[in-house]
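> When you get a sec, could you give me coordinates for this:
(one chain, ligands or ions: 1)
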Amino acid sequence: MPVDPQDTLDVLERFEPLSLQGQAPVVWERAEGVYVWDASGRRYLDFSAGVLVANVGHGRPEIVEAVIETARKPLLFSYSFPTHERAALLKEMETLLVRPDDKVMLLSTGAEAIECAIKLVRTWAVRTHGERREYVVSFERGFHGRTAGAQLAGGTPVLKEWLYGIDAPFINVPFPDGFRTPETSFDSFLGALQAEGVEPDQVAGVIVESYQGGGASFAPVEYMRALAAWCAEHGAKLIMDEVQSGFGRTGRWFAYEHYGITPDLVVCGKGISSSMPLSAVIGRRELLDQFAPGAMSSTHGGHPVCCAAARANLEVMKRDGIVEHAASVGGVMATALEELADRFDFVGAVHGKGLVYALHIVRPDTDEPDATAAARIVSDCVARGLMLFAPVGFGGANIKICPPLVITAQEVRDGLEILEGALIREEERDGER
Ligand SMILES: Cc1ncc(COP(=O)(O)O)c(C=O)c1O
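Numbers count the residues shown, from 1 in each chain. The predicted model follows:
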């Protein structure tokens, strides 16, 4: 029975909170590979991967099969009762461990896994060092999810307003992106701690995105190496948030590999399954084994259908060399985007690596973020058949470009041609003002 897309949009608007609005008003009917179709049959080239989820492409047949097979058994739920699906996924994840004896906690969402990682580090700190070691250091403009702990760790003050009154020992230090924060030496980290009056032996852990999701911004390699060395020297645990950057997105399995560091905990989500809700905390067994049986679990964590999807996803990624493909097609994307950005003065910077980039849209005279222009460019792209999600990051003015990793070089060029059209149109609008 055909459904009128406008009816669907009206129902969503009627019942869902305002916060869920803001994406292009296109009803997703189906999605396959690097394309999304709306109800009228119009096809969009997808530069969003949903929200950096569909790494092996939308509707990957092997994943669909794994989901159907598990549902047909039927095994639609299991809690932490043992299942083959969980065991098979964990065996598949063995190659992704930081150390051979690491353990893995499977959960459902990225924010939930972030909360778990923070809890593991603070529990360890208080048990081994007492309450003095209370601080978790995180970064300005960082994003780790929307639940309380994850949001406290985040680095956007306005997003933390609802947490007023919570006396939380989280400290934000500058993130050395070289654009919004020109100072990129590790001294900025030390200086920020000193300014807060926090001694190294008071730090339980440091949590950092391997690249900042909001702007696809990487820290310099030397900075991250200095950070890892500082954590090791002072006994603070290093948590890498790979919810967005993991599973091939940057042309490596995990983006922390670009820095040549070994984190204590790695937090995964999104691309782990390319589809169903699953997340994980990977890391040191002494951290993961702190809680007695039954004391750390989650009703839907390691859900059998989600685990089956993730296992199939990892098998495809390994079999088809998806990570290597992302690195090579990413090179095409990077060069083309930089050329494009050079031509438009309202593109303040292009950050990214592999198959994730952000165009930082600014007011050319001041470099202030221009959220309105960014939103216009995104709507224009969608109207021209290129799917992008609404701008994110600092000032809500960054346009993220993050297609499924199976995209071909030709499809990258097709998408960038549409983007170029939208940027030219924006330049014309500037001229008309
Ligand atoms: C870097 C990072 N961490 C954590 C999260 C939270 O993940 P979720 O939305 O699955 O809770 C996100 C989501 O966008 C993210 O990008």
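
> Spell out which residues of the protein are next to the ligand.
Contacts of the chain with the ligand, taken as Cβ under 6 Å from any ligand atom, map to 109-111, 114, 143-145, 209, 213, 241, 243-244, 269. Placement of C-beta: from N, CA and C, glycine included.

> Please repeat the previous calculation with a cut-off of 8 Å.
For the chain, the contact set with the ligand under Cβ under 8 Å from any ligand atom comprises 51-52, 109-114, 142-147, 150, 209, 212-213, 241-245, 267, 269-270, 277, 279.

> Generate the ChimeraX command that creates a selection of the buried members of these.
Here is the ChimeraX selection string for the buried members of these, based on 16 or more other Cβ atoms under 10 Å:
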select :52,109,110,111,112,113,114,142,143,144,145,150,209,212,213,241,242,243,244,245,267,269,270,277,279
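
> Return the subset of the residues of the chain next to the ligand lying in helices.
Of the residues of the chain next to the ligand, the ones assigned to helices by DSSP state H are 51-52, 110-114, 150.

> okay if I get the residues you listed as TSV plus distance to residue 406?
Converted to TSV, these look like this (distance: Cβ to Cβ, whole Å):
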residue	distance to residue 406
51	17
52	14
110	22
111	27
112	28
113	25
114	28
150	30
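
> quick one: which of the residues you listed is nearest to the ligand?
Comparing these against the ligand with Cβ to the nearest ligand atom places residue 110 closest, at 2.2 Å.

> Hmm, residue 271 and the closest one touching each other?
No - if you go by Cβ atoms under 8 Å, residue 110 and residue 271 don't touch, sitting 10.6 Å apart.

> what about the helices in this structure?
Under the criterion DSSP H, the chain carries helices at the ranges 5-15, 49-52, 61-72, 84-93, 110-129, 148-153, 187-196, 221-234, 285-288, 304-319, 322-342, 371-383, 409-432.

> And the residue of the stretch 251-400 of the chain closest to the ligand?
Taking Cβ to the nearest ligand atom, the ligand has its nearest neighbour within the stretch 251-400 of the chain at residue 269, 4.7 Å off.

> quick one, what contacts the closest residue to that residue other than its chain neighbours?
Using Cβ to Cβ, 6 or more residues apart in numbering and skipping residues adjacent in sequence, the residue nearest residue 269 is residue 110, 3.3 Å away. Contacts for residue 110 (Cβ atoms under 8 Å, 6 or more residues apart in numbering) come out as 144-145, 243-244, 267, 269-270, 279.

> rewinding a little: and residue 296, which of the helices of the chain is closest to it?
Proximity to residue 296 (Cβ to Cβ) singles out helix 110-129 among the helices of the chain, at 7.5 Å.

> chain center to the closest one: distance?
Mean-position distance between helix 110-129 and its chain equals 20 Å (Cα atoms, centre = their mean, to the nearest Å).
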